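[1] need a structure here:
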Amino acid sequence: MTARSRYAGRMETLPERYERLVDEGKLTRDAAQEAALPEFERIRAELAKPRKKGLFRKAPEPPKGLYLWGGVGRGKSMLMDMFVDTLEVPNRRVHFHAFMQEIHSGMHAARKEGREDALSPVAKEVTESVRLLAFDEMQITDITDAMIVGRLFEFLFDAGVVVVTTSNRVPDDLYKDGLNRQLFLPFIDLVKERMVVQEMAGPTDYRQDRLAGEQTYFTPINAEARENIKAVWNDLTDGDSAPHTLVVNKREVTIPAFRNGVARASFYDLCAKPLGPADYLAIAEAARVLVLENIPQLSRSNFNEAKRFVTLVDALYEAGTQLICSAAAEPEYLYVEGEGSFEFERTASRLREMQSEGWGGD
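    Prediction:
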């Protein structure tokens with residue numbers, strides 16, 4: 001049954017769809033998820049109403065949007081997918097970071113054309129194509145985003161675009177401790193005014209549940225390991241992701257693929273570049289699960305990369321971040337000789353512990 005399913009000639013509501021998926025064994029009933037459904041359904045039902053036409057008819061007020069926040073792995077993105085699938089109005093679902101990159105690119109092009117106000121034409125183009133924008137993972141860490149997002153959202157709201165977003169942070173914690181944050185605070189007020197803010201609290205991290213009892217360390221690096229990594233990634237993210245940029249001490253650190261607390265990168269991406277403890281701590285805090293591919297045999301020849309890998313594992317371990325990886329050898333045989341091999345024994349022990357069922361997820 002699809003979004004076009006009919007209940008006695010009408011569209012299936014979100015609570016009805018949720019109930020059906022539970023009955024079919026495709027979902028596990030979750031009180032926190034059920035508590036969020038009425039707000040999604042409110043928006044869906046309002047947007048489904050036909051627009052009254054007439055020369056002197058005033059356009060109806062659009063429904064308030066929704067800011068759904070809570071810990072990673074609670075099912076926020078799943079509910080968003082379900083919601084968007086039922087919509088019959090022009091809409092777009094996009095990772096917030098990817099959307100902001102598009103806005104910056106559009107503004108850059110507008111400036112090259114000599115536009116004094118670079119944001120207006122870009123925002124106008126967005127508002128002309130959709131009635132609803134669904135953002136996955138609103139997180140603002142970059143000052144360039146922080147300084148334009150308020151005006152951008154004013155454009156969206158004034159044009160009648162409804163905004164629905166998920167986030168791991170309550171609005172008051174957005175851009176926390178950021179540079180010139182006082183200039184960002186009106187945006188938080190705007191969110192509270194034009195969107196219903198709802199917490200999705202729940203004890204179950206379904207992403208960790210998916211990993212329970214599953215293999216998380218694949219060796220050697222071969223076609224089978226690559227297929228296993230791909231399968232785990234698709235299971236955790238449905239294969240959908242976007243690059244995610246963290247700002248650490250005014251520097252940008254980019255995770256190549258990221259969705260709702262699940263990160264994916266290669267050993268080269270994170271350990272062959274000049275990253276340090278602060279960078280790895282930021283990655284560990286941003287990701288509940290890290291999928292790390294192609295860890296090579298470590299030796300004196302790649303000593304610097306090995307040191308960074310040790311620091312990365314320590315950061316993941318301390319943060320309770322789940323590590324899924326492909327490696328050239330089992331942990332005990334990754335670094336067997338040369339300078340640093342003795343010190344690596346602790347890292348090997350941690351890698352082994354991190355494979356145990358029930359580890360992490362706190």
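
[2] which residues of the protein score low on pLDDT?
    The chain contains residues with pLDDT under 70 at 1-10, 52-59, 72-73, 202-213, 358-362.

[3] mind listing the strands for it?
    6-7, 10-11, 65-69, 91-95, 132-136, 162-167, 195-199, 217-218, 242-248, 251-259, 262-266, 289-295, 322-327 (DSSP state E).

[4] Arrange those strands in JSON lines, one row each, with distance to E224 and mean neighbour count as further columns.
    (Each C-beta comes from the backbone N, C-alpha and C, glycine too.) Conversion of the strands of the chain to JSON lines gives the following (distance: least, Cβ to Cβ, whole Å; neighbours: other Cβ atoms under 10 Å):
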{"stretch": "strand 6-7", "distance to E224": "45", "mean neighbour count": "10"}
{"stretch": "strand 10-11", "distance to E224": "44", "mean neighbour count": "14"}
{"stretch": "strand 65-69", "distance to E224": "38", "mean neighbour count": "23"}
{"stretch": "strand 91-95", "distance to E224": "30", "mean neighbour count": "17"}
{"stretch": "strand 132-136", "distance to E224": "31", "mean neighbour count": "23"}
{"stretch": "strand 162-167", "distance to E224": "34", "mean neighbour count": "23"}
{"stretch": "strand 195-199", "distance to E224": "42", "mean neighbour count": "17"}
{"stretch": "strand 217-218", "distance to E224": "8", "mean neighbour count": "18"}
{"stretch": "strand 242-248", "distance to E224": "27", "mean neighbour count": "17"}
{"stretch": "strand 251-259", "distance to E224": "21", "mean neighbour count": "17"}
{"stretch": "strand 262-266", "distance to E224": "18", "mean neighbour count": "21"}
{"stretch": "strand 289-295", "distance to E224": "13", "mean neighbour count": "23"}
{"stretch": "strand 322-327", "distance to E224": "10", "mean neighbour count": "23"}
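
[5] looking at these, which is closest to Q101?
    strand 242-248 (8.1 Å; Cβ to Cβ).

[6] ok, that closest one: who's next to it in the sheet?
    Sheet pairing here is set by DSSP bridges, and for strand 242-248 it gives strand 251-259 (antiparallel).

[7] neighbouring contacts of the partner strand?
    77, 95, 97, 136-137, 142, 237, 240-247, 263-266, 269, 275, 279, 282-283, 286-287 (Cβ atoms under 8 Å, 6 or more residues apart in numbering).

[8] just stretch 306-322 next, same as before
    Residues contacting stretch 306-322 (Cβ under 8 Å, 6+ apart): 208, 211, 216, 267, 270-272, 275-277, 280-281, 283-285, 287-290, 295, 298-299, 323, 335, 340, 343-344, 347, 350-351, 353-354, 359-362.

[9] Could you give me the ChimeraX syntax to select whichever of these are buried?
    Selecting only the buried entries of the contacts of stretch 306-322 in ChimeraX, with 16 or more other Cβ atoms under 10 Å as the criterion:
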select :208,211,216,267,270,271,275,280,281,283,284,287,288,289,290,295,298,299,323,335,340,344,347,350,351,354,359,360,361
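
[10] Filter the contacts of stretch 306-322 down to the ones in helices?
    208, 211, 267, 270-271, 277, 280-281, 283-285, 344, 347, 350-351, 353-354 (DSSP state H).

[11] how many other residues sit next to A278?
    13 (other Cβ atoms under 10 Å).

[12] mind listing what the nearest residue to it once chain neighbours are set aside touches?
    Of all residues not flanking A278 in the chain, V248 sits nearest, at 5.3 Å (Cβ to Cβ, 6 or more residues apart in numbering). V248 makes contact with 278-279, 282, according to Cβ under 8 Å, 6+ apart.

[13] any idea how far V248 is from E116?
    34 Å (Cβ to Cβ, to the nearest Å).

[14] try E12
    Distance from E12 to E116, by Cβ to Cβ: 48 Å.

[15] okay, these two: which has more neighbours?
    E12 (18 against 7).

[16] My read is that the more buried one contacts M82, right?
    No - at 10.6 Å, E12 and M82 do not qualify as touching, with contact defined as Cβ atoms under 8 Å.

[17] Report the spatially closest residue to the spatially most central residue of the chain, excluding sequence-adjacent ones.
    Central residue of the chain (Cα atoms, centre = their mean): N260, 2.7 Å from the mean position. Using Cβ to Cβ, 6+ apart and skipping residues adjacent in sequence, the residue nearest N260 is S77, 4.8 Å away.
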